[in-house]
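Asks: curious how this folds, go ahead:
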Amino acid sequence: MTVDKTAIRNAATVIVLRDRLTAPKVLMGQRGAQAAFMPNKFVFPGGAVDAADADVPLGTPLPAVCHERLMEDAPADMPHALSAAAIRELWEETGLVLGTPGSWSCPPPADWASFAATGHLPAAHPLQFVFRAITPPGRPRRFDARFFMIDADEISSDPDDFSSACDELSHLQWIPLPQVREFDLPFITEVVLAEVAARAHDMTPPSSVPFFRNNEEANMFVRLKGVGPVTGRSH
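Replies: Next up, the predicted model:
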């Protein structure tokens with residue numbers, strides 16, 4: 001049996017919903033034709049966790065239930081790092097600020113300098129952990145991606161201003177949920193969108209989270225229900 005030796009990187013993906021109670025729209029962009037991972041596909045903003053993300057100060061904390069779900073089958077510092085990565089990737093790929101006004105007590109890491117220059121600290125309280133998926137074996141890059149849903153009303157900047165975005169994604173746009181499947185989407189994005197559609201009108205974080213676990217032996221859906229405070233085992 002061939003063993004897939006591609007390293008799996010932790011990653012955060014952000015699903016921004018707008019007008020979710022009336023005519024829900026989701027923010028997506030298109031990856032470049034030369035991209036090594038999912039070329040030409042329409043995707044949510046997101047990317048791998050950087051080493052510095054675990055040490056970035058958060059202006060507001062992640063919801064407790066989301067923190068508990070993220071702790072399952074993960075290192076203790078992962079909820080903080082993933083929260084920061086989600087906010088950083090949203091800023092880098094869309095130019096949108098998920099933050100609270102404030103100044104940094106220490107100089108920010110290089111990847112955070114432009115975010116800090118907006119006069120904000122990253123705000124994790126709007127992040128709702130709604131899905132987790134590992135890229136199947138055999139792909140050129142593999143990620144253990146956690147998907148966070150946020151309401152566009154939590155964005156501190158103009159939700160239509162993408163002028164500060166890098167060139168990672170093109171054709172950034174708010175797509176009505178009923179029309180999203182007309183675009184060229186990765187399989188896992190279609191699966192996640194079904195979860196998003198089901199939760200579009202629910203403003204509270206989910207009590208359990210779907211996890212699409214892929215490894216060399218099998219792929220399966222399980223649900224993350226958190227780590228118990230006494231035994232430390234899933235329940």
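
Asks: please make it C-alpha for all contacts and neighbour counts, starting now.
Replies: Fine.

Asks: measure stretch 172-188 end to end?
Replies: 19 Å (CA to CA, to the nearest Å).

Asks: tell me the mean pLDDT over it?
Replies: For stretch 172-188, mean pLDDT is 94.

Asks: next one: stretch 67-74
Replies: pLDDT averaged over stretch 67-74 gives 91.

Asks: now for P61, how many residues are close by?
Replies: Applying other CA atoms under 10 Å, we find 16 other residues in the vicinity of P61.

Asks: any idea how far it is from P108?
Replies: 18 Å.

Asks: what helix or strand is R139 on?
Replies: No secondary structure element spans R139, as it lies outside all helices and strands (assigned by DSSP states H and E).

Asks: the nearest residue to it once chain neighbours are set aside and V209, how far apart?
Replies: Using CA to CA, 6 or more residues apart in numbering and skipping residues adjacent in sequence, the residue nearest R139 is T6, 7.9 Å away. Distance, T6 to V209, using CA to CA: 26 Å.

Asks: neighbour count: those two, which is higher?
Replies: A count of neighbours by other CA under 10 Å puts V209 above the other of T6 and V209, at 22 against 13.

Asks: quick one: pLDDT of the more buried one?
Replies: At V209 the predicted local distance difference test score is 92.

Asks: which ones are touching it?
Replies: 69, 129-132, 223-225 (CA atoms under 8 Å, 6 or more residues apart in numbering).

Asks: list phi and psi for it.
Replies: Note on V209: its backbone torsions stand at phi -130, psi 130 [degrees, to the nearest 10].

Asks: next one: it from R132, what distance?
Replies: Distance from V209 to R132, counting by CA to CA: 7 Å.

Asks: please apply the same query to K225.
Replies: When distance is defined by CA to CA, K225 is 12 Å away from R132.

Asks: which one of these two is surrounded by more residues?
Replies: For K225 and R132, the more surrounded residue by other CA under 10 Å is R132, and the numbers stand at 25 against 20.

Asks: in the sheet, which strands lie alongside the helix or strand that one falls within, parallel or antiparallel?
Replies: Assessed by DSSP H and E, R132 sits inside strand 128-134. Strand partners for strand 128-134, identified by DSSP bridges, are recorded as strand 142-151 (antiparallel), strand 209-214 (parallel).

Asks: just put those in CSV and tack on distance to F42.
Replies: Rendered in CSV, the data for those read as follows (distance: least, CA to CA, whole Å):
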stretch, distance to F42
strand 142-151, 15
strand 209-214, 20
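
Asks: closest one to G102 among these?
Replies: With respect to G102, and counting by CA to CA, the nearest of those is strand 142-151 at 20.7 Å.

Asks: can you tell me the average pLDDT over the closest one?
Replies: The pLDDT scores in strand 142-151 average 96.

Asks: what's F211 in contact with, if anything?
Replies: The contact partners of F211, by CA under 8 Å, 6+ apart, come to 131-133, 221-224.

Asks: R142 now?
Replies: Applying CA under 8 Å, 6+ apart to R142 gives the contacts 6-9, 134-136.

Asks: ok, it to N10 distance?
Replies: For R142, the distance to N10 (CA to CA) stands at 9 Å.

Asks: same question for A84.
Replies: As judged by CA to CA, A84 and N10 stand 12 Å apart.

Asks: between these two, who's got more neighbours?
Replies: Set side by side, A84 and N10 give different neighbour counts by other CA under 10 Å, the larger being at A84 (27 against 20).

Asks: break down the protein into its helices, ranges please.
Replies: Across the chain, reading from the start of the chain, the helices by DSSP state H fall at 64-71, 78-94, 113-116, 187-199.
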